[in-house]
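1. Okay, predicted coordinates and the sequence, questions at the end:
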Amino acid sequence: VLATDPLAYGTRSRFEEIVRTPMSMGAPIVTGEHMGLSAMGPMSQLTGSITPSALHYVSSHGSPPPDIDPREHRLMIYGLVERPLVLTMDELKRLPSVSRIHYIECVVNAPMQYPRGKTLDEMYGLAACSEWTGVLLSVLLKEAGVKAGAQWVLAEGAEAGKVATSCPMGKAMSDVLVAYGQNGEALRPQQGYPLRLLVPGFQGKYHVKWLKGLKVVDRPYITYWEKFHYEKTPNRPPETAILAHQYGPAGEYLLEQGPKSVITFPSGEQQLPGHGFYTITGLAWSGSGAVKKVEVSTNGGQTWSDAQIEEPARRIAFTRFTCPWTWNGGEAMLMSRCTDDVGQVQPTWSEFRRFWGDSGAPHHNAIQIWKVTNEGAVRNAL
Ligand SMILES: Nc1nc2c(c(=O)[nH]1)N[C@H]1C(S)=C(S)[C@@H](COP(=O)(O)O)O[C@H]1N2
Ligand SMILES: [Mo]
């Protein structure tokens, strides 16, 4: 059977046209000459809380996905360990596996990124949620035997650009996953085939794709790639610098992402067809745990009501919420506010700005505001 036969490998209806938008980091690609290695996802058009693998956002720093033959691929675990390991994919798959539903979100997924977004996808399209299957990193580290003094794990990608980031040992020993499966099948090449790291709740760059090396080390390593891409943020506010010092020399060691939510319908640039009943819906997530509560306001935050949360609300995963609403015409200001199960509450835009200033925040989780005009047009009001 040919893999292109739709009975062998399913394709969607010809009437379905939802696609990702290729972009250079931060802005959609307008000319054809820059080959898009990154793409934002169509969050405004997705249902439920799992992102189809083919529509998972893509963030790659300059190198196209390497064309890796899984039979040739090796994962090396070395550095401060008693027994360095070199594992084939088959050997990895013989180890105990787990499947976990987790989101990943890029640091530039931000309402204030330039040029300023109008649609949900432009502002929130660099986040996605999948079921990931693989081996817990703790299993591999115990097998290799971590030596005294080992504090961090440097994860290394196999592509030409040598992307690598380090993860603290405490996190590495808890819920970090060396994943080969995504939504029931192998990872897609753009998502790191055949192997990626999954560091639940940490900023996107820690989830190293095309994973080939795990070096156990005594301090956070700042690779050339990381310094080049992440220490040049213009107008870095002093708060970021203070925070960076708490974690060492790295400019961007804010690790866990805070609680966040956004209304996906109605959202920016959509048009309500008329007065009457609507179901407001959206997604909420937190890098610290499960979503405990989502509140929705239709009057700019003067009053709030609890949204219905889709059960089960999993930790560090997209959680769908809905809220009934009757639009009687007139202006409305739609907002959603997430509280996670460790008690953190999503900040308002002014609270967020007071802390971070205008740019440089390592995670943008301010409450989004969609304005519905008298005519039913939906606009970004942040
Ligand atoms: N090897 C490698 N890993 C990488 C990257 C990369 O360019 N190369 N990009 C990182 C960034 S910045 C993000 S946001 C996530 C995006 O994962 P995705 O492309 O599967 O959505 O992967 C991270 N892992
Ligand atoms: Mo990213």
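-> Structure's in. What do you need? Source: prediction; values computed, not measured. Ligands and ions are numbered 1, 2, ... in the order given.

2. How about the residues of the stretch 251-382 of the chain by ligand 2?
-> Not one residue of the stretch 251-382 of the chain sits near ligand 2, judged by CB under 5 Å from the ion. C-beta coordinates here come from the backbone N, C-alpha and C atoms, glycine included.

3. where in the stretch 1-150 of the chain is pLDDT low?
-> 24-36, 111-115 (pLDDT under 70).

4. Kindly recompute the last result at 80.
-> 1, 3, 23-37, 61-63, 108, 110-116 (pLDDT under 80).

5. so what's Ala381 closest to, chain neighbours aside?
-> Lys371 (3.8 Å; CB to CB, 6 or more residues apart in numbering).

6. Any idea what the residue in the stretch 51-200 of the chain that ligand 1 sits nearest to is bridged to?
-> At 2.5 Å from ligand 1, Gly157 is the closest residue in the stretch 51-200 of the chain, using CB to the nearest ligand atom. The partner list for Gly157 in beta bridges (DSSP bridges) reads Leu211.

7. and whichever strand or helix holds the residue nearest to Ala381, what does it pack onto?
-> Taking DSSP states H and E as the criterion, Lys371 maps to strand 369-372. Under the contact definition 3 or more CB pairs under 8 Å, 6 or more residues apart in numbering; DSSP states H and E, strand 369-372 sits against strand 332-340, strand 378-380.

8. roughly how far out does the next helix or strand after the first one sit from the chain middle?
-> Looking back up the chat, that one is strand 332-340. Next helix or strand after strand 332-340 toward the C-terminus (DSSP H and E): helix 349-356. Computed by CA atoms, centre = their mean, to the nearest Å, the chain-centroid distance of helix 349-356 equals 22 Å.

9. And for stretch 188-199?
-> Worked out by CA atoms, centre = their mean, stretch 188-199 lies 13 Å from the chain centre.

10. Residue nearest the middle of the chain, spatially speaking?
-> Centroid-nearest residue in the chain, with CA atoms, centre = their mean: Glu105, separated by 1.6 Å.

11. so who does that one touch?
-> Glu105 makes contact with 126-128, 203-204, 257, 260, 285, 363, according to CB atoms under 8 Å, 6 or more residues apart in numbering.

12. Go again with 7 Å.
-> Glu105 is in contact with 126-127, 204, 257, counting by CB atoms under 7 Å, 6 or more residues apart in numbering.

13. got a pLDDT number for Tyr224?
-> With respect to pLDDT, Tyr224 scores 71.

14. Please renumber the chain so that the first residue is 55 from this point on.
-> Sure, I'll start numbering at 55, so the last one becomes Tyr278.

15. Please work out how many residues are found near it.
-> Applying other CB atoms under 10 Å, we find 10 residues neighbouring Tyr278.

16. Tell me the spacing between Pro120 and Arg128.
-> 13 Å (CB to CB, to the nearest Å).

17. One more: Ser103?
-> 34 Å.

18. now the helices for the protein?
-> Using DSSP state H, the helices of the chain run over 143-148, 174-178, 191-198, 223-226, 278-284, 292-300, 403-410.

19. Give me whichever of these is most buried.
-> helix 174-178 (a mean of 25; mean count of other CB atoms under 10 Å).

20. List, out of the contacts of Glu159, those positioned next to ligand 1.
-> Filtering the contacts of Glu159 for neighbours of ligand 1 using CB under 6 Å from any ligand atom leaves Gly258.

21. Filter the contacts of Glu159 down to the buried ones.
-> 180-181, 258, 311 (16 or more other CB atoms under 10 Å).

22. For this protein, which residues are neighbours of ligand 1?
-> Residues of the chain lying near ligand 1 (CB under 6 Å from any ligand atom): 110-115, 158, 160, 211, 213, 217, 244-245, 258-259, 261-264.

23. now do 5 Å
-> Within the chain, the positions lying close to ligand 1 (CB under 5 Å from any ligand atom) are 111-115, 160, 211, 217, 245, 258-259, 261-264.

24. Verify the contact between Pro138 and Tyr132 for me.
-> Yes. Between Pro138 and Tyr132 there is a contact under CB atoms under 7 Å: 4.3 Å.

25. Next one: Glu280 from Gly215, what distance?
-> 11 Å.

26. Can you tell me who Tyr332 pairs with across the strands?
-> Under the criterion used (DSSP bridges), Tyr332 bridges to Trp379.

27. Now do the residue of the stretch 105-254 of the chain closest to ligand 1: how many residues are near it, please.
-> Neighbourhood size, Gly211 [other CB under 10 Å]: 25.

28. ok, which stretches of the stretch 55-204 of the chain are strands?
-> Assigned by DSSP state E, counting those that start in this stretch, the strands in the stretch 55-204 of the chain fall at 75-78, 81-82, 92-94, 128-133, 139-142, 152-159, 181-190.

29. Nearest residue to Asp229 in space, please, no chain neighbours.
-> Using CB to CB, 6+ apart, the closest residue to Asp229 is Pro254 (5.2 Å).

30. confidence score at Pro366?
-> In this model, Pro366 carries a pLDDT of 97.

31. ditto for Tyr284
-> 62.

32. cool, the one 4 residues further on as well?
-> We note a pLDDT of 38 for Pro288 in this prediction.

33. So which residues on the stretch 55-204 of the chain come close to ligand 2?
-> Checking the stretch 55-204 of the chain against ligand 2 by CB under 5 Å from the ion, the hits are 113, 160.

34. closest to ligand 2 among the buried ones among the contacts of Glu159?
-> In terms of CB to the ion, no member of these lies closer to ligand 2 than Gly258, at 3.5 Å.
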